[in-house]
Each structure stands twice: as structure tokens, then as C-alpha cells.
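A.B. asks: Dropping the sequence and predicted coords here.
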Amino acid sequence: MNTSVSVIFINHTDFKFLKLLKRGFRHCFALIRNGKKTFVVDPLMNNLCLFELTPKQFEKLQAELRAQKATVVDAVAIPAGKDFIFGFYSCVAVIKRLLGVHKPFVLTPYQLYKYLINQTKE
């Protein structure tokens, strides 16, 4: 069974200090599709939301993301190495760990986007 991961970048934030980040890249989360099941991994400031979507909920989420003009990047998860990853908790840190990305200077959603886009070109 194939597993695919899509990383979603959005503009919405409830925190004023995040408005310093590039417009459209102020938060990121992931959709993991494994066969007919879809899971959301949404690292928020004060918790980590993990939940399964029904097909109807997935369609609704896709429509909402299109309405928000979200940026979606299909990514490949690489097996995690044994390296220690130092970093603080953020949406980018969680998605990097989910994907097995070991880039200490990828800190913002936009930097993660640029890294993932460059990976898909290779």
C-alpha cells in the first residue's frame, strides 16, 4: 500500500508575530494518504492535532484549501536517520521530522517550501 504526503502551506495565523513571515507561508501542515485513508497532521502552537478524514471531509478540506489559495506540495518521506535533530517545536519542525528532513537551517514555512520544491526537481 502506497503512502503519500502532501504539505500544505497557508496564510492564516492567529498570532501577530507570525505575520512577519512571508504571506501565504505562515503555517504548514500535512495530509497523509494511505490507500483509502487520509490523515491530517496539524502542528499548532499549543498542541498537535492528528485526525482521520472521511472521504467527504477530505473533499470539503480540498475545497477550503482551494478557496484559501493554499500552496500544496507533494513530498516524499525519507527514512529517518539516527542523527539527533536539535530544534524548537514549530509546524516546520514537526513536518521536517515527519518527512525525515535533516536541514537545521530550514526554519520557516517558506524555507521548507523552497527546500521541498528543489527536492522534487532532482
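C.D. replies: Looks like it arrived, so ask away.
A.B. asks: check contacts around the residue nearest the centre of the chain.
C.D. replies: Centroid-nearest residue in the chain: Phe29, 3.2 Å away (criterion: C-alpha atoms, centre = their mean). Going by C-beta atoms under 8 Å, 6 or more residues apart in numbering, Phe29 touches 7-8, 10, 40-43, 91, 95. No exception for glycine: its C-beta is placed from N, CA and C like everyone else's.
A.B. asks: change it to 10 Å
C.D. replies: 6-10, 40-44, 49, 70, 91, 94-95, 98, 109 (C-beta atoms under 10 Å, 6 or more residues apart in numbering).
A.B. asks: Can you flag which of the residues you listed belong to strands?
C.D. replies: The strands, defined by DSSP state E, take in 6-10, 40-43, 49 from the contacts of Phe29.
A.B. asks: Give the buried subset of those as a ChimeraX selection command.
C.D. replies: Buried members of the ones in strands among the contacts of Phe29 can be picked out in ChimeraX with the line below, counting by 16 or more other C-beta atoms under 10 Å:
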select :7,8,9,10,40,41,42,43
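A.B. asks: Quick one: the strands in the protein, in order.
C.D. replies: For the chain, strands defined by DSSP E occupy the ranges 3-10, 27-34, 37-43, 48-53, 71-75.
A.B. asks: Nearest to Phe105, out of those strands?
C.D. replies: Among the strands of the chain, the nearest to Phe105 by C-beta to C-beta is strand 27-34 (16.4 Å).
A.B. asks: Strand partners (parallel or antiparallel) of that closest one?
C.D. replies: Sheet pairing of strand 27-34 (DSSP bridges) gives strand 3-10 (antiparallel), strand 37-43 (antiparallel).
A.B. asks: Distance to Thr54 for these - can I get that in CSV?
C.D. replies: Shown next, in CSV, are the strands paired with strand 27-34 (distance: least, C-beta to C-beta, whole Å):
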stretch, distance to Thr54
strand 3-10, 17
strand 37-43, 8
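A.B. asks: and these as JSON lines, adding mean pLDDT?
C.D. replies: Listed next are the strands paired with strand 27-34 as JSON lines, based on pLDDT from 0 to 100:
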{"stretch": "strand 3-10", "mean pLDDT": "91"}
{"stretch": "strand 37-43", "mean pLDDT": "94"}
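A.B. asks: Done for today, thanks.
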